[in-house]
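Engineer: The amino acid sequence is not available; the structure is as follows:
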């Protein structure tokens, strides 16, 4: 996944940072949100392992179906990182069998969401595809 750099002060040892438009940042956020685990705790709760930047235990083994960043060797011997889904894990070899995930080729059950935004002529932002798990029902108050 591409990392976004926000405009801001920098020193001589760092390259200048790029300014990104709000739409590009929203797209990056949306792509990240589709792969992050959703955890909502109560006040005072601490996030569980593998939530955000909380690492798993030293003996953690990913389960079949988990999505992971995997370093694989290509046929020509070059190594590359891919987004993959765990198929199985071998304790004997300490290696995973994974399937490459081609997000572009898979139909997704997303919702198309519009937000009220007065900066657009029609009063709404362009539609954004949002993963189903991030859309919740909102009860309308009963009219009297």
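Structural biologist: Cool, got the structure. Computed from a prediction, not measured in an experiment: that's the story for all the values here.
Engineer: what ranges do the helices span in the protein?
Structural biologist: Ranges of helices within the chain are 22-33, based on DSSP state H.
Engineer: looking at it, which helix or strand is least sure?
Structural biologist: The least trusted helix or strand in the chain, going by mean pLDDT, DSSP states H and E, turns out to be helix 22-33, with a mean of 76.
Engineer: mind listing what's buried in that helix?
Structural biologist: By neighbour count with 16 or more other Cβ atoms under 10 Å, helix 22-33 contains the buried residues residue 30. In short, each C-beta sits where N, CA and C put it, glycine included.
Engineer: which residue is nearest the middle of this protein?
Structural biologist: residue 32 (2.3 Å; Cα atoms, centre = their mean).
Engineer: Give the other helices and strands that the least confident helix or strand of the chain contacts.
Structural biologist: strand 128-131 (3 or more Cβ pairs under 8 Å, 6 or more residues apart in numbering; DSSP states H and E).
Engineer: quick one: strands adjacent to the strand it packs on?
Structural biologist: When pairs are called by DSSP bridges, strand 128-131 turns out to pair with strand 110-113 (antiparallel).
Engineer: So what touches the partner strand?
Structural biologist: Here strand 110-113 makes contact (Cβ atoms under 8 Å, 6 or more residues apart in numbering) with 127-132, 135.
Engineer: now do 6 Å
Structural biologist: Residues from elsewhere that reach strand 110-113 (Cβ atoms under 6 Å, 6 or more residues apart in numbering): 127-131, 135.
Engineer: go on, stretch 127-139?
Structural biologist: Outside stretch 127-139, the residues that touch it by Cβ under 6 Å, 6+ apart are 34, 109-114.
Engineer: could you say what helices and strands the longest strand anywhere in the chain packs with?
Structural biologist: Ranked by number of residues, the top strand in the chain under DSSP state E is strand 79-90. With contacts taken as 3 or more Cβ pairs under 6 Å, 6 or more residues apart in numbering; DSSP states H and E, strand 79-90 sits against strand 67-73, strand 95-100.
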